[in-house]
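# structure for this input, please:
(2 chains)
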Amino acid sequence: MLIRVWFYLVILVFGFAFPSLGQEIQEEKISGIFSGLTFDRFARQIEDRYNFTFYFKSTEVDSLTVNISATGNPLDDILRRIFSGTELRFSIDSQKRVFITKGQPLRVQFPKSFFQQQIFETTQASGDSSQLSQDRVFAKNKLWDIGTPQRSVSPSEGLLQGKVISEESGNPIIGALVYSAGNDVRGITDENGNYSIRLSKGRHTLIIQNFGAYQEQRQINLLGDGNLDVSMDDNIISLMEVTVTSEKSANIERPEMGLESITVTSMKKLPAVLGEVDVLKAILTLPGVKTVGEASVGFNVRGGAADQNLILFNNATIYNPSHLFGLFSAFNSDMIESVDLYKAGIPVEYGGRLSSVLDVKAKYGNKEKIEGGGGIGPMTSRLYLEGPLGEKTSFAMGGRTTYSNWLFGLLDEESEFRDSRASFYDLNLNVSHVIDEKNELQLSLYGSRDFFRFDRDTSFSYQNQNANIRWIHYFNDRLEGEFTLGHDYYGFNINGDLDPLNAFDYGFSMNQSHWRNHFTYELNDKHRLSFGMNHVRYKLAAGTLVPKGEESLVLPEEVQPEQSLESAIYIGDEFEINSNWMVNYGVRYVIYNYLGPQEVTRYIPGEIRSESTINGQDTYQAGDIIHTYHGPEARISARYAIDNFTSIKAGFNTGRQHLHMLTNTAAISPTDTWKLSDPHVAPQLGEQVSVGFFKNLKNNTVETSVEVYYRRLRNLVDFGSGATLLLNQAIEQDILNTTGKAYGVEFMAKKTVGKLNGWVSYTYSRSQLRTSVDEIGEQINDGAFYPSNFDQPHDIMVAANFEFTKRINTSLNTNYSTGRPITLPIAKFQYGGSDRVFYSDRNEHRIPDYFRVDFSVNIEGNHRIRKLAHASWSLGIYNLLGRSNPYSVYFAPVQGVLQGYQLSIFAQPIPFITYNFKF
Amino acid sequence: MKGISSGIFLFAILWLCIVGCREPFEPAVTEIDYQLLVVEGYLEVGSSGSKISLSRTTPIYSDIRALPVSNAIVEVEGTESGKWVFFQRFLGEYLLNDELPANQNYRVRITTPTAEYLSDEINPMDTPADMELNYERRDGGVSIYASTTGTENVRYFVWEYEEDWEYRSPYQNFYYYDSERRTVLSTPFSQIVLSCFQSDVSTRIILESADRFQGNRISKKEIQRIDSLSEKLGQRYSILVKQRAIDQDAFIFWDGMRKNSDDIGGIFSPLPSLINSNVNNLTNPEQPVIGYISAGQTIEKRMYIDSRDLGPWRVFIPEYQNCALDTVIRDDYNDYFVLNNYVPVLPVCDGPICTTYLSTTVNCTDCRLRGNANPPSFWEEYEF
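The predicted model follows:
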């Protein structure tokens, strides 16, 4: 009796306490915009403002980005939205403690039945009384009494019936096996998930087994005929398949425009040439990003040149982001955490390039356990390993290499390419160390090298080497600082061993050291400041030729090395004026000093710079400031939210670029060199205005947008005809100061969830150049605007994914674009024993339009936990239709007779297959 | 380093076009017939033989490869003294038999019925006479090199070559069919053709700058490369290399022309170059003129390469790939030897009676169908 009273007391307390607690949680409503935050930061912000305390493992939430705008929503609504589509579950207890767990929510209250000893008696007649437990752990171990002896038809047996449904979707699970342990009787669920099984009365362990997935079990005490419904997981979701759906409304909420984020997951779904998941190929599928042709390294963002993209890999500047002439990008996909491309609205902390910032972030490693993986393709292989090193340190390392040389071995003995070789590798090492709650250190190392030769005599290599260390310090809840020190190196070498008399070594190198301080400060609910300072010290050796060996007659020659210091100080504010208006504005002041030692040639002012107009030479010593360029850069973008699903944004930004790539090829070539701004070569300047309209449909599952932009570019570097760029001691004599304009409109519709997902985009854009009016040298096309090499007005991209099951996923990509401009001859003539052609105006013609369809299938292996490695296959066909998309169209004499040609890179369907594994 | 970009191009082609992706294509281009004047020539200073060719451009898809300009007056004026008038030898080809003195600069004046053209002042270059030729077996083929030494002032060179070679058909015409006597007879010795000669001239632009080498020494500049299996080295081969010094502007002109012809269309190819000229249209200065006239001396040197010096050299001649031998019996003589142009090659004898002949088509026995039976006038036979 006493016990009974006690029980009732407990029920009273809990029975009343719980509803009221529920109301209390409801009462504490959350408001505010949480965008682009890590879950960690989100939790801290909630803790700051409300009475909740969060408990979670940071490794379980570190792949999550929170993009939520809340206006008086209860916390559980918000968390449900953040965690939807993930394995994360949460529970909130009476003390407002929020527990986040993977798989199942932590029990913070006992179910009523625990105390009430309620018997789940069900009847066949009324199916509505069947019990579907919400609590799975509990359900597993509880003893379910089923049926009543009275209702039983047979004295010794009972008929058990029920329905098996998916925990996640609520859909019936078909073909699940239902049996009692140690018993031969079994039942199988039908197409509605219903099963029936006849068991002896008494205790059973009922096992429900869905093939290739979870097992569920129930302890039952069968008293007579009865019903038991079971919900269970219908599949294990593999980690890489986690799509962060919490970003759903970011496109509406964020003030920035032209920001494109690609998840590693969606990148892996794209059909890849030769089976390598590729960041650079993936960003080419985005509206406003173009390339002059396949297998070219560079990409062009909104009508800007390829050298106007800042490519960052964990804070390091990558000058040559490709392997093997652009066949592969230099980033190991296993090491990538996130990829962001800023086409406009470049954050105030970045600068130095006019068109875009491609920010590739690499992993710092799993803090829980050692993991690894890799892939094997026909030409390349890769491997990575990550995990903890002690309690506070984690690491991630990866490598990639090629073994393509076997291809050359297959060639005929007489073939002139038999001596060709090509190889590359890249290596990553990232280490993160948490010193204490307030301090964290991150070390990031990257190296890559390419080597090739086309005959035994001349070999070519280039390498990227980058290292940086970052210290993150949380001064207090509001102020956070990041301090980065690093060094980036890029260089290439050409080695000529033709014969001892002509042997040479040619080298180019770019060294930059950088020091960055970046702070973010949460002023209050409405203002979020970021400010800081960057210094980049450039050391450029534009070309060095040295004889190789004692016999060589080659004269050593060197283009004067250049050095400069680019400093910038910046401040920006993200200001949420009210729920409709949000403004992100900032200014960045850049000071660029061109430094000695250097000999600077003086020319007669107002005359064309040439040998004959040299007026003298000024000699500067080390440390002398030769020339200073300085000026502000503006960054403004604003959002007006019409409703939760619609917003209008506008932006204006300007930029200054002091580094110029010297190229007179359409694609970036491995022998392109760079030049620093000097007294003769002014920094490139650019401005962009853009306006966009964003609307999400169908509960944020379909995102649509229209963006319009107009850009103006000044002081671009172009060259007169036939300029020699390698070892040119007076490049300023060949440079033509050029201005440019680019404009366009980008339409995009994107479906983010569902079995069929993907996007459709259409872009109309133009990019035009003109020799500056005040340029006294050659006026290209008589000083009129002419299309740039990457002016491709129409561009349509359809990227579609279809998930047959969680394990089989197919992608179909379709890309159409106008052919790029090209210069074709206007007349032919005979000269030097051969037909020759005469060229006139630049880029007056176009190559035929581009059209390509790719197809790929990704097959995940099964997910048994006890397995050596989890495997997946990706296979597909690049250029499914085998269309010969011309890379170039040209006329060349063959045996003295002129012939027109088109050159296509992937003129055939290219099948690929890659085996990926994880352990 | 000139070869690097084209090398990369070739390499990339190999890499990417495992299946082959260069296809003939005829893009739409302008049909306007500009008829720009094309001037090609060299003033021989200190010797005779200056030659200037005049032609006009034609549209890209025109069937006319060159349009010679026949009714022009071509004169050369010394900046100090003298004026010489060229005569037209062939259509569009103007020659000067006189010797131009070395100690002055020159201008070329061209007058056509519609316009007058005048060149910039041309400074004659002293072409060094020390050119040496040699060859090397390399990567299965044979490379022919020229070496020379420039000076402070003479640093840029162009080369041209003429080549001649001896070759054989797979079978010889030791027999012939006499259709009147309906029998196969032995060919008289005087009519037996053992080998023939073909010739070719350079079509590539070959140039080099000496200024990146010690002592302005150009060592082993590749003039011609003979690929493996070429018929040129099957018997005996001769090359005449002409070397001319040019000035820097002329070098830029020739290099632009070379890039437009050799380096075009590849993945890392430079964009097409507009080419400069040292000839101006006085009547209509806006209209471009194509061509660059240089002055100086042409240095010539000849070299022979004999298959006996070279060692074994396999030859593959596509025209001779179907030279199978058919057995022709007497009854078929008319069908084969008269109607089908077959030639008896080898008798198949039954004792002393030879009425069956192994025969082949005439192009497999008569090398004259592809060349000249007589050696060129300069030809020197192999000396044992």
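# kindly provide the distance from residue A:566 to chain B.
According to Cβ to the nearest Cβ, to the nearest Å, residue A:566 and chain B sit 29 Å apart. Every C-beta, even on glycine, is put in place using the N, C-alpha and C of the backbone.
# spatially, what comes nearest to residue A:179 if we skip its sequence neighbours?
Distances taken as Cβ to Cβ, 6 or more residues apart in numbering or on different chains place residue A:186 nearest to residue A:179, at 3.9 Å, with adjacent residues excluded.
# hmm, I typed the wrong one, I wanted residue B:69.
Excluding the flanking residues, the one nearest residue B:69 by Cβ to Cβ, 6+ apart is residue B:54, at 3.9 Å.
# so where does the residue nearest to residue A:717 when sequence neighbours are not counted fall, helix or strand?
Using Cβ to Cβ, 6+ apart and skipping residues adjacent in sequence, the residue nearest residue A:717 is residue A:660, 4.6 Å away. Assigned by DSSP states H and E, residue A:660 belongs to strand A:659-662.
# sheet-wise, list the partners of that strand with their directions.
strand A:673-676 (antiparallel) (DSSP bridges).
# quick one, helices of the chain?
Picked chain A for this. A:2-27, A:39-49, A:58-61, A:75-83, A:112-116, A:136-141, A:250-253, A:264-269, A:279-283, A:405-409 (DSSP state H).
# my question was about chain B, not that one.
According to DSSP H, the helices that chain B contains are B:3-16, B:248-262, B:307-310, B:333.
# if I average pLDDT within each of the ones you listed, which one is lowest?
With a mean of 44, helix B:3-16 has the lowest mean pLDDT of those.
# re the thing from before, wait, what's in contact with the residue nearest to residue A:717?
Contacts for residue A:660 (Cβ atoms under 8 Å, 6 or more residues apart in numbering or on different chains) come out as A:307, A:674, A:675, A:676, A:677, A:681, A:684, A:717.
# with residue A:519 instead?
A:479, A:480, A:481, A:482, A:529, A:530, A:531, A:532.
# neighbour-wise, which of those leads?
For these, the largest number of neighbours (other Cβ atoms under 10 Å in any protein chain shown) sits with residue A:532, at 21 neighbours.
# okay, the closest residue to residue A:821 other than its chain neighbours: pLDDT?
Among residues not flanking residue A:821 along the chain, residue A:843 sits closest, at 3.7 Å (Cβ to Cβ, 6+ apart). Here the pLDDT value assigned to residue A:843 is 89.
# pretty sure residue A:843 is touching residue A:790, no?
No - using Cβ atoms under 8 Å, residue A:843 is not in contact with residue A:790; the gap is 10.3 Å.
# between the two, tell me which one has more neighbours.
Of the pair residue A:843 and residue A:790, residue A:790 is the one with more neighbours under other Cβ under 10 Å, namely 25 against 21.
# with adjacent residues omitted, what lies nearest to that one?
residue A:300 (4.1 Å).
# against chain B, how distant is the one you found?
From residue A:300 over to chain B the distance is 16 Å, taken as Cβ to the nearest Cβ.
# tell me the contacts of that residue?
Here residue A:300 is in contact with A:289, A:290, A:291, A:292, A:306, A:355, A:767, A:790 (Cβ under 8 Å, 6+ apart).
# who is it paired with across the strands?
Here residue A:300 sits in beta bridges with residue A:290, going by DSSP bridges.
# also residue A:702?
According to DSSP bridges, beta-bridge pairing links residue A:702 with residue A:697, residue A:751.
# so it sits against residue A:750, correct?
Yes - using Cβ under 8 Å, residue A:702 makes contact with residue A:750 at a distance of 7.0 Å.
# confidence score at the closest residue to chain B within the stretch 551-700 of chain A?
With Cβ to the nearest Cβ as the measure, residue A:669 is the residue of the stretch 551-700 of chain A nearest to chain B, at 3.7 Å. pLDDT for residue A:669: 75.
# picking that back up, tell me the spacing between the residue nearest to residue B:69 and chain A.
Note on residue B:54: its distance to chain A, by Cβ to the nearest Cβ, is 11 Å.
# list the contacts of the residue nearest the centre of chain A.
Per Cα atoms, centre = their mean, the C-alpha nearest to the average position across chain A is that of residue A:339, at 2.1 Å. Residues near residue A:339 by Cβ under 8 Å, 6+ apart: A:261, A:262, A:264, A:267, A:279, A:282, A:283, A:358, A:359, A:360, A:361.
# any low-confidence regions in the stretch 151-300 of chain B?
The stretch 151-300 of chain B contains residues with pLDDT under 70 at B:267.
# and the strands in it, which stretches?
Using DSSP state E, counting those that start in this stretch, the strands of the stretch 151-300 of chain B run over B:156-167, B:175-178, B:183-186, B:196-201, B:206-209, B:217-226, B:236-246, B:279-281, B:293-296, B:298-306.
# tell me which of the ones you listed sits nearest to chain A.
Checking the strands of the stretch 151-300 of chain B against chain A by Cβ to the nearest Cβ gives strand B:217-226 as the closest, at 4.0 Å.
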